[in-house]
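Asks: structure of the sequence below:
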Amino acid sequence: MITKKFFPADKNYLLKDAQNSLQIELNQSLFEIIKSCYFTQFNPLGIEDDFIMKLKALSVKDLQFLDRPYQMLSAIYRYQYGDNQLEFLWDGTSHKDKYSDDWKSAYARWIADLCLANPSFTRAFTKFIYSADGSLNTEFLESYLCSAILNHFGFKFYQKKGLLPRSA
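Replies: Residues are numbered from 1 along each chain as shown. I've put the predicted structure just below:
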């Protein structure tokens with residue numbers, strides 16, 4: 001649940017609500033997007049060894065470690081596109097539905113771009129999911145994912161100031 005203000009102008013509550021309602025769904029789709037990127041980057045010939053077959057069969061159950069990276073991505077999206085000014089929607093849809101659709105497509109595109117631009121992001125996430133026995137540190141992975149997201153989009157997170165572009 002995103003309730004924290006990540007920057008001073010973080011006041012688009014309709015967009016926050018839409019992002020909150022999609023968090024579980026999008027965190028589950030994250031794994032499928034990353035698996036697809038992994039196959040594209042590291043197995044372009046489609047060779048089916050034991051690792052690939054096990055990876056294809058895996059399903060993710062506990063996605064709690066993705067809450068903070070999801071919040072970072074959501075805050076970056078609100079920073080870039082979260083204008084408080086509502087536009088006229090002539091097709092009869094609600095603003096929450098429009099925000100939900102826009103956020104879903106941006107989320108999938110951003111994760112795929114992040115995976116393609118940073119192969120270590122894809123590998124780290126895949127390694128964690130593959131060793132689902134809990135032998136890897138979830139706090140480390142969570143911090144790494146947040147750091148990779150902030151670096152990719154050119155932001156820095158300060159405890160007191162919040163989310164700011166790296167040039168500021």
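Asks: I figured residue 103 hits residue 19, correct?
Replies: Yes: counting by Cβ atoms under 8 Å, residue 19 is a contact partner of residue 103 at 5.7 Å. (Glycine included, C-beta is placed from N, CA and C.)
Asks: which of those two has more neighbours?
Replies: Taking other Cβ atoms under 10 Å, residue 103 and residue 19 do not tie; residue 19 has more neighbours (26 against 21).
Asks: got a list of contacts for the strand or helix carrying residue 69?
Replies: In this structure, residue 69 sits in helix 67-81 according to DSSP states H and E. Residues outside helix 67-81 that contact it (Cβ atoms under 8 Å, 6 or more residues apart in numbering): 2, 4, 6-7, 10, 12, 15-16, 19, 23, 26-27, 102-103, 106-107, 110, 142, 145-146, 149-150, 153, 155, 157, 163.
Asks: now it: buried residues?
Replies: 69-79 (16 or more other Cβ atoms under 10 Å).
Asks: what is the lowest-mean-pLDDT helix or strand in the chain packed up against?
Replies: Each helix and strand of the chain was given a mean pLDDT (mean pLDDT, DSSP states H and E); the minimum falls on helix 119-130 at a mean of 82. Counting contacts by 3 or more Cβ pairs under 8 Å, 6 or more residues apart in numbering; DSSP states H and E, helix 119-130 packs against helix 13-42, helix 50-57, helix 95-117, helix 138-153.
Asks: now those as JSON lines including mean pLDDT?
Replies: Formatted as JSON lines, the helices and strands packed on helix 119-130 follow (pLDDT from 0 to 100):
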{"stretch": "helix 13-42", "mean pLDDT": "89"}
{"stretch": "helix 50-57", "mean pLDDT": "85"}
{"stretch": "helix 95-117", "mean pLDDT": "91"}
{"stretch": "helix 138-153", "mean pLDDT": "88"}
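Asks: between those helices, which one is closest to residue 65.
Replies: helix 138-153 (4.3 Å; Cβ to Cβ).
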